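[1] Give me coordinates for this.
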Amino acid sequence: MIRKGRFALWSDREFELVSYQRQYYLQSDDSLDLKNDFQKMNGNGKIFVKQVSLKDLEDAYEIIPFAMIEGYRFAVEGFNEKSGKVTLVTNNPFVKEKMDVRPYGKFEYIVELPLGEIEVEEDRVPILGFEGLYP
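    You can find the predicted model right below:
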């Protein structure tokens, strides 16, 4: 599974963290969370949300997935579950000399590779005042 976006720890569990109009919500796909005051999201009975304040959270961070290929860092742009391929993007102009990449936007290059051929790693960047949590 490739994680990308904002996440938070609450009650020793990790949830996706979403915000809307300066309010923060934990998002879950586990119906058992209804016992923890989560509510069904309007229009989607498989997604559950719970409004929280920042002081309720144990941690908050953004996950930025990437892969190193031929010594170059590529950002994970997306994952196609049907094809099993990961879309990777870089702005390093030297990559086109070592790999078969296609131009993508201005000064960027894109490549699609099977998930099994690469190792996806994650940068975890603290957000929302949790920056001083780790030494």
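[2] Run through the strands of this protein in chain order.
    In the chain, the strands defined using DSSP state E lie at 5-10, 13-20, 23-28, 39-41, 44-52, 59-69, 72-80, 85-90, 102-103, 109-114, 120-126.
[3] so who does Met41 touch?
    Gln27, Ile47, Phe48, Val49 (Cβ atoms under 8 Å, 6 or more residues apart in numbering). For the C-beta atoms, the positions are set from N, CA and C on the backbone; glycine is no exception.
[4] okay, how far is it across stretch 61-79, tip to tip?
    By Cα to Cα, to the nearest Å, the extent of stretch 61-79 from end to end equals 21 Å.
[5] I meant to write stretch 91-101 there.
    Using Cα to Cα, the distance between the terminal residues of stretch 91-101 is 11 Å.
[6] Let's see if you can find the most crowded of the contacts of Met41.
    Greatest neighbour count in those, by other Cβ atoms under 10 Å, goes to Phe48: 23 neighbours.
[7] Can you tell me how far the residue of the chain most remote from its centre is from Ile69?
    Within the chain, Glu97 marks the point farthest from the mean C-alpha position, 29.5 Å out by Cα atoms, centre = their mean. Distance, Glu97 to Ile69, by Cβ to Cβ, to the nearest Å: 13 Å.
[8] Flag the shaky bits of the protein, pLDDT-wise.
    132-135 (pLDDT under 70).
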